[in-house]
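# Here's my sequence, what's the structure:
(chains A and B)
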2 protein chains.
Amino acid sequence: MGRKILIVGGVAGGASAAARLRRLSEEDQIIMFEKGSHVSFSNCCLPYHLSGVVEDADSLVLMSPEKFLKQYNIEARVNNEVLSIDRENKEITVKNLLTGEEYKESYDKLILSPGARPIVPPIPGIEKVNVFSIRNVVDIDRLNKFVKSMKTKNVVVIGGGFIGVEAAENLKEAGYDVTLIEAMPQIMKPFDYDMVQILHKELYDNGVNLILGDRVSYFEKDTVILESGKKIEAEAVVMAIGVAPETELAVKAGLELGETGAIKVDQNYRTNDEDIYAVGDAIEVYHALTNSYTKLPLAGPAQKQARGVADHINGMQINNTGFIGSSVIKVFSYNAASTGLNEGLIKALNLNIKYDVVKIIPGDKVGLMPGCEPVHFKLIYEIPTGRVLGAQAIGKGNVDKRIDVIATAIKFGATVNDLRDLELCYAPPFGTAKDVVNLAGYVGSNLLHGLFKQVHSSDVRGLVESGACIIDVREKNEYEQSHIIGAKNIPLSELRERLDEIPKDEPVYLHCRSGQRSYNAVLALQNLGFKNVYNISAGFMGLCFYEYFNDKTTGRNKIVTDYNFE
Amino acid sequence: MGRKILIVGGVAGGASAAARLRRLSEEDQIIMFEKGSHVSFSNCCLPYHLSGVVEDADSLVLMSPEKFLKQYNIEARVNNEVLSIDRENKEITVKNLLTGEEYKESYDKLILSPGARPIVPPIPGIEKVNVFSIRNVVDIDRLNKFVKSMKTKNVVVIGGGFIGVEAAENLKEAGYDVTLIEAMPQIMKPFDYDMVQILHKELYDNGVNLILGDRVSYFEKDTVILESGKKIEAEAVVMAIGVAPETELAVKAGLELGETGAIKVDQNYRTNDEDIYAVGDAIEVYHALTNSYTKLPLAGPAQKQARGVADHINGMQINNTGFIGSSVIKVFSYNAASTGLNEGLIKALNLNIKYDVVKIIPGDKVGLMPGCEPVHFKLIYEIPTGRVLGAQAIGKGNVDKRIDVIATAIKFGATVNDLRDLELCYAPPFGTAKDVVNLAGYVGSNLLHGLFKQVHSSDVRGLVESGACIIDVREKNEYEQSHIIGAKNIPLSELRERLDEIPKDEPVYLHCRSGQRSYNAVLALQNLGFKNVYNISAGFMGLCFYEYFNDKTTGRNKIVTDYNFE
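So this is what the prediction gives:
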């Protein structure tokens, strides 16, 4: 005799759990309840409907209830909201949203996969604007039809996370005048402030009106008023400031929440009721690098958790070693991927971790190959172990593969020395003989073993303002094109003949285009007896990206004669 | 006082060693000897000059001797051939190939990085054809100029390894009539016979006259005569049957060779003379998965070895855990990557390894995204441990990242269960929430734990010919478009209603398009009491690729009504 297994929520987590449950047993009765009108749609593709990349909203729905029934013998009840759980009698109360009818359904096992809902704060005057949020196919269809019908082109997106940035990009691609407002000084928290400047610049260069460090004060008729006093016209306002786990049902049923406010689950994704599991955006997960609980609203982890639950219900052991959070986003012509810890997170959580940073900007393939593009790569590793803690990569080419390699390496506790030795596949159209990851390993290993010292792009403004000795070791023609104001040009090729021009008693800061030639120069000077020599990591290119957006938008003093991003 | 370090060979290994040596010491005198006219050129880019992707042959040279001297204080003597090594007196004899002058140079440490030379066998009549091989910039320039001056368009490439295939592709792209001849039944040994059919088809579809399992018997005037009797006109013949390590200098000096005939080195890449190191294509390396020595003529390992030698000379410990051999190649619109062991290698070396194979063909990104392409993915893992031994991926999209992840996983002794749990970065333009690698881990884990049984594309012909029960669980319209001759169509959506049509007493073989729906069907049938059910791995698409090229070129009986590669 089979069991009766009910699933609340029919998208990523719910649908995955149902399918795996069916594969493991033909006897179990499996019913999914979804309060929306679709199960198994592609949440992550929703923003791409706005630009027409996904032309037909219906195609966002991957599986119909009919298909679930026919192919998997799974009943999917859409437009059916689960109102409450009676844990004692092991039954739920469900409301059919189309008929208004309420009914009960008993269960042997219950899986909660209700997801998270977009946060729409009660900002004064919110009724005076057309507010949209993006959670499902109905939402995106509604938003898309609305913007197409507008008299103006003015759209404001509030919130610079994944959904906000993707919505802004796709609306801009569709020809709207888009303002993206982020309350923090940066968008996209998976990236550190220095790295994310590349994305700020890209949004700015593509005509998105990006406003950072400012928040909505109130709304007037079709207008957003910011705390700074700025007024922005907006026929449509997309709210994407974040999501909150759907915990209401769980709370009402007396299920425990964790320290983050999301549903608390054990090693097997089981709540404090042994017959009730929970997965996906509604739960908190153990972060394997912070050693604390966190919310991780990503599709991949949700599907893995769901599969784990189906396995556990069927008596299989599951392996839950926690999560590290890997993600990627396309922002116009840039790809940006990250995994594990970043500096911002380490600081925000006040983690007791000592770390150092490698930043390099190598080519993503052999320079002779068409389409070779720089990869801005940042690696974070633990001191003194060299254990890899996280990485970020941004570029126009294949950055995701480098982050996938790091994510895999982190899983196995890799150190910077291990990265050095990885054998990654190479041919000129795909990479370089020493891949970006190997190079980061080399630099990390050199730093770890004290071979040289470095400063970062974020330090350079201070150095310039304090009149520090900065030496640009690029060739003369490169220096003349643009350079750091006040920097002295001693090309690497002339370095050994011009040693007398370099002070021995004060700190000297060297840079080239991306940091590689200056690294050679730093080691040469050290070996020649200069004791206080620093490499400016990521070089002139890293600095330009770091400074450019702020200079453009805040009108600061420039510390670069001109910006050169070649 | 610095040491005097001499380096024989100035390309990948030699140049890398020199640069790292300089970074670690300013005092050492470093001299590179290169018998060719260039140091530090991009070997791997050479074939791309033929198509004009790399337009200017000079741009293949990455560093000039002048630059080595100015930037690194390294002397690079091109056109200088090292003739012999006097180990007792620690000096070498060098011939200046331009002046004919011979001279001696003493050393404290000597590094051999002489590379490997293209094998040109003494085939009868070889003087009657214009024979070329591809080793350096002079070679490729000469070949390129020759083909441009030919009266006909006829070029024959002999040998289907990396260089042969890349030369054939680039010559074809340049408009020549190219015949590629391979003596074995397949090109590109890093891929198994089933996988490489995709590349065979791609060469064939792009108009390369691909001849397999046939070899050159002799040459007549501008004509290649094969053992089969075939005659092929060829104004130019490119010899790319393989390379042989340059061991002459080492042998004359009494340095030991290993079992493969390449130079034998220890953990630190040191020969049996403690002051002489060797790296690159001339040495044999320890293969971490076969536990035996092998030749591995790849640029990445050469550079890593070179860096290791420089470190060891400077008193640093190096970590040499052996090599697994990762590589990638572009073949027209396909990318093909591999790492570790494949079935062919396991069989050829007669390795005492029990293994199983996962073969899947998922999309490389979300199906709704433009440019989504299938990834043909093959994973090999050890029985009973589940340890990952190797993988191959072929497709039009990002296959290299999946292989880089596997290469990293192998490095850490990962099992199929580990692959399942990897957190790889996901957004619709880049992948799927469960990445190809995760999916392979799922299937491998299911196989390992006995959840289902499978057969492979290579088994299907025998099944068809023996009249086995093959059930196609795709929808009716898919079946009608093309199917396996004799297969019965029971769509997954009708499976549970049509159980009486499925024999219980004999083996049943199920397939769909790529193997996923049929996997669900296999489990359903098993759970319903069918004991002898097999999934045809990689499904109909895998079978089509497997059979197509042979059918086209050998005129075999078709076992597929029509080929459908959608």
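
# so who does the closest residue to residue A:401 other than its chain neighbours touch?
Leaving out its chain neighbours, the residue that sits closest to residue A:401 by CB to CB, 6 or more residues apart in numbering or on different chains is residue B:401, at 3.1 Å. Bear in mind the C-beta positions are built from the backbone N, C-alpha and C, glycine included. By CB atoms under 8 Å, 6 or more residues apart in numbering or on different chains, the contact set of residue B:401 is A:398, A:400, A:401, A:404, A:405.

# mind putting these in CSV, distance to residue B:271 and pLDDT included?
Formatted as CSV, the contacts of residue B:401 follow (distance: CB to CB, whole Å; pLDDT from 0 to 100):
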residue, distance to residue B:271, pLDDT
A:398, 38, 97
A:400, 41, 98
A:401, 36, 98
A:404, 38, 98
A:405, 33, 98
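
# Tell me the one of these nearest residue A:72?
Closest approach between the contacts of residue B:401 and residue A:72, by CB to CB: residue A:404, at 30.3 Å.

# where does the closest one sit relative to residue B:247, distance-wise?
Per CB to CB, to the nearest Å, residue A:404 is found 39 Å from residue B:247.

# show me the residues around the closest residue to residue A:395 other than its chain neighbours that make contact.
Distance criterion CB to CB, 6+ apart; nearest residue to residue A:395, sequence neighbours excluded, is residue A:375 at 4.1 Å. By CB under 8 Å, 6+ apart, the residues touching residue A:375 are A:361, A:362, A:363, A:364, A:393, A:394, A:395, A:397, A:399, A:402, A:436.

# let's see it at 6 Å
Residues near residue A:375 by CB atoms under 6 Å, 6 or more residues apart in numbering or on different chains: A:364, A:393, A:395, A:399, A:436.

# And the helices in the stretch 151-300 of chain A?
A:162-173, A:193-205, A:248-252, A:299-313 (DSSP state H, counting those that start in this stretch).

# How is chain A partitioned into domains?
Chain A is divided into the following domains under the TED database: A:4-117+A:244-314, A:130-241, A:333-449, A:454-554.

# still on that earlier bit, narrow the contacts of residue B:401 to those in helices?
Per DSSP state H, helices hold the following members of the contacts of residue B:401: A:400, A:401, A:404, A:405.

# could you flag which of those residues are buried?
Buried residues within these, counting neighbours by 16 or more other CB atoms under 10 Å in any protein chain shown: A:400, A:401, A:404, A:405.

# Spatially, which two of these are the most separated?
Farthest pair in these (CB to CB) is A:400 and A:405. Separation: 9.8 Å.

# List just the nearest of the contacts of residue B:401 to chain B.
In terms of CB to the nearest CB, no member of these lies closer to chain B than residue A:401, at 3.1 Å.

# can you pull the contacts of the one residue in the stretch 151-300 of chain A that gets nearest to chain B?
Closest contact between the stretch 151-300 of chain A and chain B, by CB to the nearest CB, is at residue A:299 (3.9 Å). By CB under 6 Å, 6+ apart, residue A:299 lies in contact with A:12, A:44, B:433.

# Now it: closest residue in space, sequence neighbours ignored.
residue B:433 (3.9 Å).

# ok, which stretches of the stretch 301-450 of chain A are helices?
Shown for the stretch 301-450 of chain A, the helices assigned by DSSP H, counting those that start in this stretch span residues A:343-348, A:400-411, A:416-421, A:436-448.

# Please identify the most buried of these.
helix A:400-411 (a mean of 28; mean count of other CB atoms under 10 Å in any protein chain shown).

# Run the chain-centre distance for that one.
Centre-to-centre, helix A:400-411 and its host chain are 14 Å apart (CA atoms, centre = their mean, to the nearest Å).

# now it against helix B:400-411, angle please.
Interaxial angle, helix A:400-411 versus helix B:400-411 (axes from the mean of the first three to the mean of the last three CA atoms, to 10 degrees): 20 degrees.

# Only the C-alpha atoms, please, for helix A:400-411, written as CSV.
Once non-C-alpha atoms are left out, helix A:400-411 reads as follows in CSV (Å, rounded to 0.1, in the frame of the first residue of the first chain):
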residue,chain,number,x,y,z
ASP,A,400,31.0,31.1,-15.5
LYS,A,401,33.4,28.2,-16.2
ARG,A,402,36.0,29.7,-13.9
ILE,A,403,33.5,30.2,-11.1
ASP,A,404,32.2,26.6,-11.5
VAL,A,405,35.8,25.4,-11.1
ILE,A,406,36.2,27.4,-8.0
ALA,A,407,32.8,26.2,-6.6
THR,A,408,34.0,22.7,-7.2
ALA,A,409,37.3,23.3,-5.6
ILE,A,410,35.7,24.9,-2.5
LYS,A,411,33.5,21.8,-2.2
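
# Enumerate the residues of the stretch 1-150 of chain A near chain B.
When proximity is defined as CB under 6 Å from any CB of the partner chain, the stretch 1-150 of chain A approaches chain B at A:23, A:26, A:44, A:45, A:54, A:70, A:71.

# residues contacting the fifth one?
With contact set as CB under 6 Å, 6+ apart, residue A:54 has these partners: A:45, A:48, B:368.

# how about the second one, what does it touch?
Neighbour list for residue A:48: A:54, A:170 [criterion: CB under 6 Å, 6+ apart].

# again, only using 7 Å
Residues near residue A:48 by CB atoms under 7 Å, 6 or more residues apart in numbering or on different chains: A:54, A:170, B:428.

# Let's have the helices of the stretch 151-300 of chain A in JSON lines, adding mean pLDDT.
As requested, the helices of the stretch 151-300 of chain A are exported to JSON lines (pLDDT from 0 to 100):
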{"stretch": "helix A:162-173", "mean pLDDT": "98"}
{"stretch": "helix A:193-205", "mean pLDDT": "97"}
{"stretch": "helix A:248-252", "mean pLDDT": "98"}
{"stretch": "helix A:299-313", "mean pLDDT": "96"}
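
# Take those helices and write them to JSON lines, including distance to residue B:385.
Shown next, in JSON lines, are the helices of the stretch 151-300 of chain A (distance: least, CB to CB, whole Å):
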{"stretch": "helix A:162-173", "distance to residue B:385": "38"}
{"stretch": "helix A:193-205", "distance to residue B:385": "39"}
{"stretch": "helix A:248-252", "distance to residue B:385": "40"}
{"stretch": "helix A:299-313", "distance to residue B:385": "20"}
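
# Can you point out the buried residues in stretch A:454-473?
Buried residues in stretch A:454-473, counting neighbours by 16+ other CB under 10 Å, are found at A:454-457, A:459-461, A:463-464, A:468-473.

# And stretch A:184-191, what's buried?
Within stretch A:184-191, the residues that qualify as buried are A:186, A:187, A:188, A:189, A:190, A:191, counting by 16+ other CB under 10 Å.

# Distance-wise, check the fourth one relative to residue B:99.
Just to be clear, that refers to residue A:189. For residue A:189 relative to residue B:99 (CB to CB), the value is 65 Å.

# go on, the last one?
Between residue A:191 and residue B:99 the computed distance is 58 Å (CB to CB).

# Looking at the contacts of residue A:54, which is nearest residue A:387?
Nearest to residue A:387 among these: residue A:45, at 35.6 Å, using CB to CB.

# need the contact list for that closest one.
Counting by CB under 7 Å, 6+ apart, residue A:45 has contacts A:54, A:60, B:366, B:368, B:428.

# So which of those is surrounded by the most neighbours?
Of all the contacts of residue A:45, the highest neighbour tally under other CB atoms under 10 Å in any protein chain shown goes to residue B:428, namely 26 neighbours.

# what are the phi and psi values for the closest residue to it other than its chain neighbours?
Nearest residue to residue B:428 in three dimensions, chain neighbours excluded: residue B:366, at 3.9 Å (CB to CB, 6+ apart). The phi and psi values for residue B:366, taken as degrees, to the nearest 10, are phi -60, psi 130.

# do the same with residue A:512
Torsion angles at residue A:512 (phi, psi; degrees, to the nearest 10) stand at phi -130, psi -140.

# Same question for the one 3 residues further on.
Here the main-chain torsion angles of residue A:515 (degrees, to the nearest 10) amount to phi 110, psi -10.
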